[in-house]
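Novice: Below are the sequence and a predicted model for it; my questions follow.
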Amino acid sequence: MLAAQVLLWVLAGIVDYVAGQALPLPPRMIFSARHWTERHNLIVIAALGEVLIAVGIAGSQLTNSIGLLAASALAVVVAGALEWIYIDLSTLVGEHALRAAPPTERTALARDCYSFLHLPMIAGIMLLALGFKHMPTLVGEADTYTGGQPLDHTGR
């Protein structure tokens, strides 16, 4: 069952990318490069919020230790660095490129950069969150951590 789900997700991704390249672009104009980039910033902020939530979930079942606090602090620094790299650096470059492009080419540029490149980037951030959720096994607290639970386990 899991293999079929993964296969369907991969197939959906392939269809999305192939159809996005093969189909003609609608006659749509991007009038505000800043608005376009800010909309995509919100998606990245939500994904990085999931990273911070994963850090909190990881430490909620453990007693405080130096290893857990150091790993949690490092995870927050990594999430902050990713936010800084994307929002304060990459977004400015993307916004400038969209502004500099002729209006007829903005739609293709936005599709390539913000549709095709955002999916793997968000997937990478989500995998980082999953890794941080299982972080306690790396700091020597494996005897008290009950790993392998579903992500929606509430303990009820």
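Specialist: Perfect, thanks for sending it.
Novice: can I assume V51 is in contact with I122?
Specialist: No - judged on C-beta atoms under 8 Å, V51 makes no contact with I122 at a distance of 11.3 Å. Yep, even glycine has a C-beta here, placed from its N, CA and C like the rest.
Novice: who has more neighbours, the two?
Specialist: Between V51 and I122, counting by other C-beta atoms under 10 Å, V51 is the more crowded of the two (23 against 17).
Novice: Can you tell me the element that one falls in?
Specialist: Using DSSP states H and E, V51 falls within helix 33-60.
Novice: Give me the packing partners of that helix, helices and strands only.
Specialist: Packing contacts for helix 33-60, counted by 3 or more C-beta pairs under 8 Å, 6 or more residues apart in numbering; DSSP states H and E, involve helix 66-83, helix 91-100, helix 118-133.
Novice: Tabulate the ones you listed (JSON lines), appending distance to V18 and mean pLDDT.
Specialist: Output for those, formatted as JSON lines (distance: least, C-beta to C-beta, whole Å; pLDDT from 0 to 100):
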{"stretch": "helix 66-83", "distance to V18": "29", "mean pLDDT": "86"}
{"stretch": "helix 91-100", "distance to V18": "24", "mean pLDDT": "89"}
{"stretch": "helix 118-133", "distance to V18": "13", "mean pLDDT": "86"}
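Novice: Would you tell me which of those gets closest to W9?
Specialist: helix 118-133 (10.3 Å; C-beta to C-beta).
Novice: how about the closest one as CSV, C-alpha atoms only?
Specialist: This file holds the C-alpha atoms of helix 118-133, laid out as CSV (Å, rounded to 0.1, in the frame of the first residue of the first chain):
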residue,chain,number,x,y,z
HIS,A,118,9.6,25.7,-4.9
LEU,A,119,8.2,22.1,-4.7
PRO,A,120,11.6,20.5,-4.1
MET,A,121,12.6,23.3,-1.7
ILE,A,122,9.5,22.9,0.4
ALA,A,123,9.9,19.1,0.3
GLY,A,124,13.5,19.5,1.6
ILE,A,125,12.3,21.7,4.4
MET,A,126,9.6,19.1,5.4
LEU,A,127,12.2,16.4,5.4
LEU,A,128,14.4,18.5,7.7
ALA,A,129,11.4,18.9,10.0
LEU,A,130,10.9,15.1,10.0
GLY,A,131,14.6,14.7,10.8
PHE,A,132,14.4,17.1,13.7
LYS,A,133,11.3,15.3,15.0
